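Asks: make a model of this:
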Amino acid sequence: MTQTESSISARVVEAVARASGADSQALPPLHEAIEPDALEALYAHASADSAERTAPTVLFSYAGYEVSVRSATDIEVREPTVESAGSTET
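Replies: Residues are numbered from 1 along each chain as shown. Take a look at the predicted model:
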């Protein structure tokens, strides 16, 4: 999938780049952390009829950060906490 400036995938990469101070091109491919097409599809369906649908929050690790996606425009990036850094859950 080609990332466009309006895609959720591109927004995730840019948010992590800002948080890490790295160039977005220097980050690993997003598909190594999560399936970008599935992420796009999940929020495309939720926003198509937002009055009746609410997308779930998607949490995943990417490039050493915890990423939380709540909507197409609500993306939060945090450094991992001590508890989650030692977690073996996937």
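Asks: could you look up the SS state of the residue nearest in space to the middle of the chain?
Replies: Central residue of the chain (C-alpha atoms, centre = their mean): V12, 4.4 Å from the mean position. Under DSSP: H, G, I helix; E, B strand; the rest coil, the three-state class of V12 is helix.
Asks: next one: it from G64, what distance?
Replies: 14 Å (C-beta to C-beta, to the nearest Å). For the C-beta atoms, the positions are set from N, CA and C on the backbone; glycine is no exception.
Asks: over to A10?
Replies: In terms of C-beta to C-beta, A10 sits 19 Å off from G64.
Asks: more neighbours: which of these two?
Replies: A10 (17 against 13; other C-beta atoms under 10 Å).
Asks: quick one: pLDDT of the more buried one?
Replies: Here the pLDDT value assigned to A10 is 95.
Asks: need the helices for the chain, in chain order.
Replies: 8-20, 36-48, 82-85 (DSSP state H).
Asks: give me the below-cutoff pLDDT ranges for this protein.
Replies: Scanning the chain with the threshold set as pLDDT under 70 gives 1-5, 45-53, 82-90.
Asks: 80 instead?
Replies: Across the chain, the ranges flagged by pLDDT under 80 are 1-6, 45-55, 81-90.
Asks: what is the burial count for Y65?
Replies: 19.
Asks: tell me if I'm right that it and E76 touch.
Replies: No. Y65 is beyond contact range of E76, at 9.8 Å (criterion: C-beta atoms under 8 Å).
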